[in-house]
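1. Whatever this is, show me its structure:
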Amino acid sequence: MDNNEIPDSALAKNALDSIPQTKSDAKDIVGLVKESGRITGYQLSDGSTVSKEEGVALAKDGEIRGVGIAHRKDTEYLKSIPDETENNNLSSLPSVTPE
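-> Down below sits the predicted model:
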């Protein structure tokens, strides 16, 4: 099978460094904290706000559902796990003000 026969979601999942196993009480990301257009943190479904680094650590521990870990240069960040649904992608979430 060549790359033209691989579904887009499978290719996108391959771009992730890891997809952590989530715990049953894992939280969802419901908003993005941005500064000058760049994501600096995440608002979670319990109302808490965490930094990007804290979000990555929580996701690695299975505390955040629906995301995988990716990296750019030396910086890790979260990406939505591809599932053919656009409205649950991190890029579709609203921007929020940190508390």
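
2. How are the strands of the chain distributed by residue range?
-> Here the chain has its strands, by DSSP state E, at 29-35, 38-44, 49-51, 67-72, 75-80, 95-96.

3. Quick one: closest of those to residue 17.
-> strand 67-72 (4.9 Å; Cβ to Cβ). In short, each C-beta sits where N, CA and C put it, glycine included.

4. angle of that closest one against strand 75-80?
-> Angle of strand 67-72 versus strand 75-80, following axes from the mean of the first three to the mean of the last three Cα atoms, to 10 degrees, is 140 degrees.

5. and the angle for strand 67-72 with strand 29-35?
-> Strand 67-72 runs at 20 degrees relative to strand 29-35, counting by the same axes, to 10 degrees.

6. elements contacting strand 67-72?
-> Under the contact definition 3 or more Cβ pairs under 8 Å, 6 or more residues apart in numbering; DSSP states H and E, strand 67-72 sits against helix 52-60, strand 75-80.

7. in the chain, what spans have low per-residue confidence?
-> Residue ranges of the chain with pLDDT under 70: 1-14, 88, 98-99.

8. repeat that with 90
-> In the predicted model, the chain carries pLDDT under 90 at residues 1-19, 35-38, 72, 81-92, 96-99.

9. still on that earlier bit, just say which of the strands of the chain is most tucked in.
-> strand 38-44 (a mean of 19; mean count of other Cβ atoms under 10 Å).
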